[in-house]
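Asks: what would the 3D arrangement of this be:
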Amino acid sequence: MEKKYDVIKKDNHTVIQVLAKKLDTSIAPSFKSELVMIAGNGEKNMIIDLSNTEYCDSSGLSSILVANRLCKNAKGQFILSGLQNAVERLITISQLDSVLEIEDNLEKAENKINVIN
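Replies: Sure, this is the predicted structure:
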């Protein structure tokens, strides 16, 4: 079974890189539990990198919102990076672009987290 995401632990944050082309019902439940586990281990700053992801459905969106809430509850920071057009459109249509912190790429997201912490 191919890996659907990579979890990269850094000094003051964790990067979760989604490797799958689709963030949908086939991976969202396990992805969501991974995010809960990362937060449960005390990580309050997360970056989800979606640069490989071309499609996201409501279950994928739900897992992103779970991560956002976990980070906010822990007084941490959550950033979404590398959105492709279809995913960005979904987030805009869902009016989540005002709720979620979004950066163009992973480098910008990491710089932002490093500045704040």
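Asks: so who does the residue nearest the centre of the chain touch?
Replies: With distances taken as Cα atoms, centre = their mean, I48 lies nearest the centre of the chain, 2.6 Å away. Contact analysis of I48 by Cβ atoms under 8 Å, 6 or more residues apart in numbering lists I16, V18, I64, A67, F78, I79, L80, S81. Any C-beta I mention is one placed from the backbone N, CA and C, and that applies to glycine too.
Asks: so which of those are in helices?
Replies: I64, A67 (DSSP state H).
Asks: what's the closest of the contacts of I48 to K10?
Replies: Ranked by distance to K10 (Cβ to Cβ), the contacts of I48 are led by I16 at 11.3 Å.
Asks: you'd agree that closest one is up against D49?
Replies: Yes. Contact criterion Cβ atoms under 8 Å: I16 and D49 qualify, at 7.0 Å.
Asks: please say which of those two ends up with more neighbours.
Replies: Each of I16 and D49 has its neighbours counted (other Cβ atoms under 10 Å); D49 has more, 24 against 20.
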